[in-house]
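Trainee: Need coordinates for the below:
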Amino acid sequence: AGGLPAVMAELIGAGKIHEDALTCTGTTVGENCRGKHTWDRDVIRSYDNPLKEKAGFLNLKGTLFDSAIMKTSVISPEFQERYLNNPEDPNAFEGKVVVFEGPEDYHHRIDDPSLGIDEHTILIIRGAGPIGYPGAAEVVNMQPPGSLIKRGVLSLPCIGDGRQSGTSGTPSILNASPEAAAGGGLALLQSGDRVRIDLNKRSADILLPPEELERRRADLEARGGFPYPASQTPWQEIQRSMVDQLSEGMTLKPAVKYQKVAQTFGVA
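Mentor: Residues are numbered from 1 along each chain as shown. I've put the predicted structure just below:
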């Protein structure tokens, strides 16, 4: 249907993108994509005819993390009705959490009935960020246990410090920064804790007294911090030693010195 240039053409036409930004082709975004509209409006709609209005991303923060992203375009009517339609507390929900130590643990245990996962549970994956995994792979893709899916509960609130495929239909809260491996709030969570998400206030908080959170953090630090697998290559060790969090772009911290190398330093 035209691919990314057709999407970019819609944004350029609506004045929603910096079309003078230089690209690796040596030409600008505008020069590359201006006017390259789609021929299939069923696949790539016009800017004025969106599949869903006022749908984008929310940036949340609180005691769970300093920054995380929620994709609101995939909030289904079922999810909206179950979690966000309380007239006394609109666009907010609370629930107990079940914590998984990475995607492998999730796949191994999600159907374990002893976890007590119900339609009000919030699923957590941690240890999946730039340091913890490492590299923050697209592994925070969670579905309810099969027993709930059979009852028509097709999605649960999900939170993670890794990434997720852009095609995922789960309304997850992702890219939590700092990640657990960097001492973020997810590292302090225990299964059974309660968490509150408020989309109106853009907040995500652990419902525990500050003293308990401080006690848990001191205990975590006394145990040497949040555990994660050892590096298996020198490149993993180098990357982990200098990588930014997802909220900062997951770049290597010193790398910004080497932007526009030829213009700045001349030919080597």
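
Trainee: biggest strand in the protein, by residue count?
Mentor: As assigned by DSSP state E, the longest strand anywhere in the chain is strand 92-101.

Trainee: May I have the strands that pair with it, each with its orientation?
Mentor: strand 122-126 (parallel), strand 194-198 (antiparallel) (DSSP bridges).

Trainee: any idea how far the residue positioned nearest the centre of the chain lies from V139?
Mentor: The centroid of the chain falls nearest to L174 when counting by C-alpha atoms, centre = their mean (1.7 Å). Noted for L174: a distance of 10 Å to V139, by C-beta to C-beta, to the nearest Å. C-betas here are computed from N, CA, C, even on glycine.

Trainee: Now do the shared contacts for the two.
Mentor: Counting by C-beta atoms under 8 Å, 6 or more residues apart in numbering, the shared contacts of L174 and V139 are 162-164.

Trainee: export those to JSON lines and tack on secondary structure and pLDDT?
Mentor: Listed next are those as JSON lines, based on DSSP: H, G, I helix; E, B strand; the rest coil; pLDDT from 0 to 100:
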{"residue": "G162", "secondary structure": "coil", "pLDDT": "94"}
{"residue": "R163", "secondary structure": "strand", "pLDDT": "92"}
{"residue": "Q164", "secondary structure": "coil", "pLDDT": "86"}
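
Trainee: By neighbours, which of those wins?
Mentor: In terms of neighbours by other C-beta atoms under 10 Å, those top out with G162 at 27 neighbours.

Trainee: Quick check: that residue touching I124?
Mentor: No. Using C-beta atoms under 8 Å, G162 is not in contact with I124, being 11.3 Å away.

Trainee: Pass me the low-pLDDT residue ranges in the stretch 151-268 of the chain, would you?
Mentor: Low-confidence segments of the stretch 151-268 of the chain (pLDDT under 70): 167-169.

Trainee: Would you map the helices across it?
Mentor: Assigned by DSSP state H, counting those that start in this stretch, the stretch 151-268 of the chain shows helices spanning 210-222, 234-242, 261-265.

Trainee: all strands of the protein, in order?
Mentor: Under DSSP E, the chain gives strands at 57-60, 67-71, 92-101, 122-126, 158-160, 172-177, 194-198, 203-206.
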